[in-house]
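Visitor: sequence below, structure please.
(one chain, ligands or ions: 5)
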Amino acid sequence: MDEFAFIRSIAPKHHQQSSLIKGIGDDAAIFRQPYQDIVTAVDTFVEGIHFSKQTMEPHHVGYRVLAANISDIAAMGAVPAFYLISIVIPDSWTKAELSEIYKGMQMLASQYQMDLIGGDTVSGKELTISVTIIGYVEHNKVRYRNNARENDLVFVTGTLGDSSAGLYLLTSQGHSLSDCTRDYFIERHRLPSPRVDFSREMLPLSRVALNDISDGIANEAAEIAEASRVTIHLDYNSLPVHPQLKQFTAEQQRKWKLFGGEDFEILGTAAESDWPAIRAAAEKAQIKVTRIGYVTHQPHNTGKVILQEGNEQSILDKSGYTHLK
Ligand SMILES: Nc1ncnc2c1ncn2[C@@H]1O[C@H](COP(=O)(O)OP(=O)(O)O)[C@@H](O)[C@H]1O
Ligand SMILES: Cc1ncc(C[n+]2csc(CCOP(=O)(O)OP(=O)(O)O)c2C)c(N)n1
Ligand SMILES: [Mg+2]
Ligand SMILES: [Mg+2]
Ligand SMILES: [Mg+2]
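Guide: Ligands and ions are numbered 1, 2, ... in the order given. Sure thing, here's the model as predicted:
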């Protein structure tokens, strides 16, 4: 049973609380309060799975785990406000290293005026950090995965595959990239930028579907397609990449662009008429946004992602990063 089958098997069929608007099944859960909705999510970072001493310094570990959580808040169109940390500490990590982890988290938290409000401390075998995040979003402005509609355009922020390239550079030897290119990809792996500003700049738009890219664009697009019961078409040649990604083999580029996770860019769909506003939002947030496809309603391909590559069309495998297998 893979990660997603497991989640389906444990998901409750009914809610007990009338304030709950969205439980399991999106980037975060949402519940109603009088003035704003509250948004909350949790993500866990485990030594050997999400990082190793070879791939990250302690402050990167802290920064990166909080960034992943803030990214889920951004993907709901919300503003992050509070976080709680549960940490499992093995003997092999020194007090100084643990303090650096918290400094890394603090670096990012202060950027978003977030407060650390609690947590839990336990000893154990692998360093494990679990962050619970809480944020706010205006009523009826949540950017659900099920907001995609027929004829929407599909867009993505930033560039794809950078984090995978960085991880590859950190874990393999013998490549001939300039120091500057190498540092760029490695930094994108270690210190990803959650796209909160961009997502908040889109607040005036009435309907947008968003998902953040933790498991690869193929997976994330399928999650929007499934939740919205539509078909998503992606144009391979439109996928945005950093110019230096071409230093890697065609096979690596393809794998990292489509199935590489951890870029923490935002994938979205919106009405065609909102494209100028989306571009303006990206400009204000000083990031890049690219149109990469469109949405159709094809009853026989509901929930599927179709990739256009030159003249060829194929149904894209949902094979991103999956835990359990
Ligand atoms: N063990 C679990 N128990 C309950 N809900 C879970 C569990 N694992 C994941 N979920 C929920 O399943 C959904 C998908 O999780 P995930 O793929 O990790 O989302 P994301 O990639 O946005 O972090 C989310 O709504 C998450 O809260
Ligand atoms: C040492 C190391 N090996 C492999 C990876 C690659 N990797 C680990 S988890 C993951 C997917 C994202 O993590 P996940 O827990 O699925 O995040 P979520 O989808 O819950 O946001 C990837 C691409 C890594 N970051 N570091
Ligand atoms: Mg997410
Ligand atoms: Mg998660
Ligand atoms: Mg995942």
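
Visitor: residues near the residue of the stretch 201-325 of the chain found nearest ligand 1, how many?
Guide: Residue nearest to ligand 1 within the stretch 201-325 of the chain: Ser214 (4.5 Å; CB to the nearest ligand atom). (Glycine included, C-beta is placed from N, CA and C.) By other CB atoms under 10 Å, the residues close to Ser214 number 22.

Visitor: who touches it in this structure?
Guide: By CB atoms under 8 Å, 6 or more residues apart in numbering, Ser214 lies in contact with Ala68, Ser71, Glu220, Gly261, Glu262, Phe264, Tyr321.

Visitor: so which of the residues you listed are in strands?
Guide: Of the contacts of Ser214, none are assigned to strands by DSSP state E.

Visitor: out of those residues, which one has the weakest pLDDT?
Guide: By pLDDT, Tyr321 ranks lowest within those, coming in at 86.

Visitor: from ligand 2, how far out is the residue in the stretch 151-300 of the chain positioned nearest to ligand 5?
Guide: Going by CB to the ion, ligand 5 is nearest to Asp215 of the stretch 151-300 of the chain, at 4.4 Å. In this view, Asp215 and ligand 2 are 5 Å apart by CB to the nearest ligand atom, to the nearest Å.

Visitor: next up, the contacts around the closest residue in space to that residue that isn't next to it in sequence.
Guide: Of all residues not flanking Asp215 in the chain, Gly320 sits nearest, at 3.7 Å (CB to CB, 6 or more residues apart in numbering). Shown in contact with Gly320 (CB under 8 Å, 6+ apart): Asp215, Gly216, Ala218, Asn219, Glu220, Phe259, Gly261.

Visitor: sorry, back to before: give me every residue that touches the residue of the stretch 151-300 of the chain closest to ligand 5.
Guide: By CB under 8 Å, 6+ apart, the contact set of Asp215 is Gly261, Gly320, Tyr321, Thr322.

Visitor: list the contacts for the closest residue in space to Gln298 that isn't next to it in sequence?
Guide: Leaving aside its chain neighbours, Gln298 sits nearest to Thr231 (4.6 Å; criterion: CB to CB, 6+ apart). Thr231 is in contact with Ala225, Val295, Thr296, His297, Gln298, Asn301, Thr302, Gly303, Lys304, Val305, Ile306, counting by CB under 8 Å, 6+ apart.

Visitor: what's the neighbour count on the nearest residue to Tyr83 once chain neighbours are set aside?
Guide: Excluding the flanking residues, the one nearest Tyr83 by CB to CB, 6+ apart is Ile133, at 5.0 Å. Ile133 has 24 neighbours, counted by other CB under 10 Å.

Visitor: so which residues of the chain form strands?
Guide: 20-22, 29-32, 37-46, 79-89, 115-123, 128-137, 153-157, 208-212, 231-235, 266-270, 289-296, 305-309, 312-315.

Visitor: can you redo those strands as CSV with mean pLDDT and distance to ligand 3?
Guide: Output for the strands of the chain, formatted as CSV (pLDDT from 0 to 100; distance: least, CB to the ion, whole Å):
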stretch, mean pLDDT, distance to ligand 3
strand 20-22, 96, 13
strand 29-32, 98, 12
strand 37-46, 98, 8
strand 79-89, 98, 13
strand 115-123, 98, 21
strand 128-137, 98, 11
strand 153-157, 98, 14
strand 208-212, 98, 4
strand 231-235, 98, 16
strand 266-270, 98, 10
strand 289-296, 98, 18
strand 305-309, 97, 17
strand 312-315, 96, 23
